[in-house]
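J.: need coordinates for the below:
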Amino acid sequence: MDDEYAKLIRRMNPPRVVIDNDASEEATVIQVDSVNKHGILLEVVQVLTDMNLVITKAYISSDGGWFMDVFNVVDGDGNKIRDQEVINYITKRLESDASFVPSMRGTVGVMPSENHTSIELSGTDRPGLLSEVSAVLTDLHCNVVNAEIWTHNARAAAVVHVTDDSTGSSIEDPNRLSIIKELLCNVLKGNNDLKTAKMTLSAPGSTHRERRLHQIMFADRDYQRVERTELGKVVDKSSRPHVTVLDCIEKDYTVITMRSKDRPKLLFDTVCTLTDMQYVVFHGVVHTGRREAYQEYYIRHVDGLPMRSDAERERVIQCLEAAIERRASEGLELELCTDDRVGLLSDITRIFRENSLCIKRAEISTKGGKAKDIFYVTDVTGNPVNPQIIDSIRQQIGHSNLLVKNPNFSPKPPQETTMSFLFGNIFKSRTFQNFKSIRSYS
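T.: Just a heads-up that it's a prediction; the model follows:
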């Protein structure tokens with residue numbers, strides 16, 4: 001009954017969106033007013049980030065059953081949003097009453113949808129893993145049409161969309177799906193898997209792909225740091241996110257502050273993690289500068305209580321650190337643009353493997369017979385790749401097909417080593433009155 005009443009209230013009070021290009025000199029201002037519900041902040045942020053808009057500032061308030069947020073956004077080039085068609089689309093999406101946030105699924109797997117079969121993978125990371133996975137899929141006559149691969153803290157996760165290479169449609173035969181699952185699990189397990197590789201059946205396409213990747217890695221406990229030194233990568237400890245927990249005694253909130261290097265989709269990643277951990281953001285502010293981002297959230301658990309134990313606080317902070325780090329653009333960015341064909345990803349990743357490149361993160365996409373893939377690569381120790389090796393690889397693939405996007409990538413100053421093989425203007429510190437400092441984990 002309560003759920004039906006909440007739905008009625010939302011239908012009687014649909015979201016209202018105001019988009020203003022005059023309120024700020026630097027950005028387009030988007031104001032969203034709506035009846036509050038769990039996950040609505042994530043819903044709004046996802047709409048904006050899916051359109052590749054950059055959120056430079058945000059002001060969040062959702063007390064008293066009403067959600068009122070203001071976002072300052074620009075496009076990828078730092079300009080205001082002036083295209084009326086784009087403005088109308090943003091308004092339509094944000095004013096839609098369709099629920100974005102589905103329940104969190106605890107399984108990882110493969111399931112056909114109408115146009116493709118979605119494969120979800122997780123396991124221990126190692127050099128060449130994406131190459132091995134791609135080779136298996138090619139041998140099984142699966143064509144990779146879209147994929148996203150993340151690696152973090154010696155773990156790897158991927159969501160891969162494949163079709164049958166002869167029909168171009170999804171793979172539905174249970175026996176064939178079973179074979180795909182078995183062979184991919186064998187690849188993921190390798191020889192020294194510290195945890196069980198996962199690849200099982202799951203419901204089709206109900207969860208946003210990037211949110212699903214966060215869920216997979218969270219379930220795999222990638223937020224638990226692995227400190228190993230036998231084959232190490234250079235890590236700059238000072239570059240890690242700084243997360244602080246405070247207790248707002250007067251208002252009974254937990255206050256989380258985060259300082260980190262700014263990057264695209266950062267707000268989505270942190271809000272997604274808090275939402276899936278069943279926390280509600282009642283108030284918040286986000287500011288980004290040229291290099292740093294500051295986020296401050298006043299939160300409670302969905303049961304209405306703030307954090308009560310040090311163990312809970314530490315776990316939340318570890319998870320937020322992981323969420324920020326998972327898709328930090330670490331490594332040399334390579335962009336592949338060429339005609340698509342069956343086995344292309346397998347061939348490209350094999351060349352990378354043969355030249356001792358490790359794939360930190362990858363985004364695979366195809367459209368209109370063209371492949372556009374982004375790879376972030378390092379050498380096997382996590383350090384920058386020798387430019388001569390990159391030039392050799394470009395000669396094999398074609399200089400016009402493989403572009404170097406950030407040639408000035410340089411190593412971080414050595415601080416400590418930890419094994420991490422991978423797949424294949426700001427607020428100053430301020431004093432909070434009536435707050436009790438709990439602890440800072442960094």
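
J.: quick check: R315 is in a strand.
T.: No: R315 is assigned helix when assessed by DSSP: H, G, I helix; E, B strand; the rest coil, not a strand.

J.: which residues are in contact with it?
T.: Neighbour list for R315: Y223 [criterion: Cβ atoms under 8 Å, 6 or more residues apart in numbering]. Placement of C-beta: from N, CA and C, glycine included.

J.: please apply the same query to L266.
T.: Counting by Cβ under 8 Å, 6+ apart, L266 has contacts 260, 293, 295, 324.

J.: and those as a markdown table, adding secondary structure?
T.: A markdown table is the format used below for those (three-state DSSP):
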| residue | secondary structure |
| --- | --- |
| S260 | strand |
| A293 | strand |
| Q295 | strand |
| I324 | helix |
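
J.: for these, pick the one with the most neighbours.
T.: Highest neighbour count within these: Q295, with 25 neighbours (other Cβ atoms under 10 Å).

J.: who's it bridged to?
T.: Counting by DSSP bridges, Q295 forms beta bridges with M258, V286.

J.: so it touches G284, yeah?
T.: Yes: between Q295 and G284 there is a contact under Cβ atoms under 8 Å: 7.1 Å.

J.: just the contacts of L266 now: which is nearest G128?
T.: Lowest distance from G128 to the contacts of L266 (Cβ to Cβ) belongs to I324, with 27.0 Å.

J.: give the contact list for that closest one.
T.: 241, 258, 260, 266, 269-270.

J.: same list (these) but as a markdown table, adding pLDDT and distance to Y279.
T.: As requested, these are exported to a markdown table (pLDDT from 0 to 100; distance: Cβ to Cβ, whole Å):
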| residue | pLDDT | distance to Y279 |
| --- | --- | --- |
| P241 | 92 | 17 |
| M258 | 97 | 14 |
| S260 | 95 | 18 |
| L266 | 95 | 17 |
| D269 | 97 | 14 |
| T270 | 97 | 11 |
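
J.: which single one of those is nearest to G78?
T.: The closest of these, once distances to G78 are taken by Cβ to Cβ, is L266, at 15.9 Å.

J.: so V18 lies in a helix, does it not?
T.: No: applying three-state DSSP, one finds V18 to be strand, outside a helix.

J.: so it makes contact with T28?
T.: No: under the criterion of Cβ under 8 Å, V18 is not in contact with T28, lying 10.9 Å apart.

J.: of the two, who's got more company?
T.: T28 (24 against 12).

J.: that one and L53: what is the separation?
T.: 8 Å (Cβ to Cβ, to the nearest Å).

J.: for I317, same thing?
T.: 28 Å.

J.: got it, and V17?
T.: Going from V17 to L53 by Cβ to Cβ gives 14 Å.

J.: how about V29?
T.: In terms of Cβ to Cβ, V29 sits 12 Å off from L53.

J.: intersection of neighbour lists for T28 and L53?
T.: With contacts taken as Cβ under 8 Å, 6+ apart, T28 and L53 have 73-74, 81 as neighbours in common.

J.: by neighbours, which of those wins?
T.: The member of the shared contacts of T28 and L53 that has the most neighbours, counting by other Cβ under 10 Å, is V73 with 22 neighbours.

J.: hmm, that residue is touching T56, no?
T.: Yes: at 6.9 Å, V73 and T56 qualify as touching, with contact defined as Cβ under 8 Å.

J.: common neighbours of these two, please.
T.: A27.

J.: which parts of the stretch 151-300 of the chain are strands?
T.: Assignment of strands within the stretch 151-300 of the chain using DSSP state E, counting those that start in this stretch yields the ranges 155-164, 233-235, 242-248, 253-261, 279-288, 292-301.

J.: looking at those, which is closest to R211?
T.: Proximity to R211, assessed across these by Cβ to Cβ, is greatest for strand 155-164 (10.1 Å).

J.: low pLDDT regions in the stretch 1-150 of the chain?
T.: The model of the stretch 1-150 of the chain has pLDDT under 70 over residues 1-13, 64, 97-114.

J.: can you pull out the strands in it?
T.: Secondary structure of the stretch 1-150 of the chain (DSSP E, counting those that start in this stretch): strands at 16-20, 28-35, 54-61, 66-74, 110-112, 117-124, 142-152.

J.: show me the contacts for the residue most central in space within the chain.
T.: The chain has E210 as the residue nearest its centroid, 4.8 Å off, counting by Cα atoms, centre = their mean. Contacts were defined as Cβ under 8 Å, 6+ apart; by that measure E210 touches 148, 265, 268, 272.

J.: select only the buried ones of those residues in PyMOL?
T.: Here is the PyMOL command that selects only those of the contacts of E210 that count as buried (16 or more other Cβ atoms under 10 Å):
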select buried, resi 148+265+268+272
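
J.: now render the contacts of E210 as a markdown table, adding distance to L137.
T.: Shown next, in a markdown table, are the contacts of E210 (distance: Cβ to Cβ, whole Å):
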| residue | distance to L137 |
| --- | --- |
| E148 | 15 |
| K265 | 27 |
| F268 | 28 |
| C272 | 28 |
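
J.: so I397 sits against R350, correct?
T.: No: applying Cβ under 8 Å, one finds I397 not in contact with R350, separated by 11.2 Å.

J.: which neighbours do those two share?
T.: Common neighbours of I397 and R350 (Cβ under 8 Å, 6+ apart) do not exist.

J.: tell me where the protein has helices.
T.: Counting by DSSP state H, the chain has helices at residues 2-12, 40-50, 84-95, 129-139, 174-189, 209-219, 266-276, 310-325, 344-354, 387-397.

J.: which neighbouring elements make contact with the fourth one?
T.: With contacts defined as 3 or more Cβ pairs under 8 Å, 6 or more residues apart in numbering; DSSP states H and E, the secondary structure elements packing on helix 129-139 are strand 142-152, strand 155-164, helix 174-189, helix 344-354.

J.: quick one: mean pLDDT for the shortest one?
T.: Within the predicted structure, the mean pLDDT of strand 155-164 is 92.

J.: cool, and the third one?
T.: For helix 174-189, the mean per-residue pLDDT is 91.

J.: ok and that helix relative to strand 117-124, angle-wise?
T.: When axes from the mean of the first three to the mean of the last three Cα atoms, to 10 degrees is applied, the directions of helix 174-189 and strand 117-124 differ by 20 degrees.

J.: mind listing what's buried along helix 174-189?
T.: 177, 180-181, 183-185, 187-188.

J.: now do it: distance to the chain's middle.
T.: Centre-to-centre, helix 174-189 and its host chain are 26 Å apart (Cα atoms, centre = their mean, to the nearest Å).
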